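Undergrad: Structure for the following, please:
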Amino acid sequence: MFVHIGVFLMAIAFAIFAIYLSKLLKNMAQNIELIGKTTGRMESKFDHTLYELEQMLIESNGTAKDVELKLDALNSVFQTTEELGQAAQKASGAIVKMTSDYNEDSRLAGTRPFIRIIQASEFAISLYQSWKRGRTVGKEG
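TA: Modelled structure (predicted):
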C-alpha cells in the first residue's frame, strides 16, 4: 500500500511540475512573440530612419554642388578685383613718383602749389580708403 501512496504522490508531483512547466513555456512563447513584434517594429523604424538619412545625404550633396557652382562663379569676380587693385596700385605708384619728381625738380618752382594740391588729394584718398576699410572690418566683427 505504501508503494501505491508513493506512486500517487509522484504522480501528483509530476502533474504539478507539468503545470508549472506548461505555464513557463506559455509565458516564454508570449515573450518570444512580443520580442518578434518589437523587432519587426524596430526594423521598420530603422528602415524609415535609413531612408530619411539617404534623403538628407542627397540634399546635402545638392547643396554642396550648388555652393561649389556659386564659388566657381565668384572666382572671376575676385580675379577681376585683384587685377583692378594691381592696376590702381601701379597708377598710384606712378602718380607718387611723378609728384615727387616735380617736387624735387627746381625748374618747376611755379608748380609747387599744384603739386601740393595733388599730394593733399592723395593723402585724402588714402585716408578715405583707410576709413572705408575700418568700417568694413567693424561690420564683420
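Undergrad: Can you pull out the low-pLDDT segments for this protein?
TA: 101-112, 134-141 (pLDDT under 70).
Undergrad: Strands of that one, start to end?
TA: Counting by DSSP state E, the chain forms no strands at all.
Undergrad: pull the longest helix from this protein.
TA: helix 2-104 (DSSP state H).
Undergrad: Show me what it is packed up against.
TA: For helix 2-104, the packing partners by 3 or more C-beta pairs under 8 Å, 6 or more residues apart in numbering; DSSP states H and E come out as helix 112-140. For every residue, glycine as well, the C-beta is placed using N, CA and C.
Undergrad: Break the protein into its domains for me.
TA: Following the assignment in automatic domain parsing, the chain carries domains at 2-89, 105-141.
Undergrad: so which of the ones you listed comes closest to V96?
TA: domain 105-141 (7.0 Å; C-beta to C-beta).
Undergrad: Adding mean neighbour count and distance to K97, write the domains of the chain out as a markdown table.
TA: As requested, these are exported to a markdown table (neighbours: other C-beta atoms under 10 Å; distance: least, C-beta to C-beta, whole Å):
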| stretch | mean neighbour count | distance to K97 |
| --- | --- | --- |
| domain 2-89 | 10 | 13 |
| domain 105-141 | 10 | 12 |
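Undergrad: Could you export those as a markdown table, including distance to I95?
TA: Formatted as a markdown table, the domains of the chain follow (distance: least, C-beta to C-beta, whole Å):
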| stretch | distance to I95 |
| --- | --- |
| domain 2-89 | 10 |
| domain 105-141 | 7 |
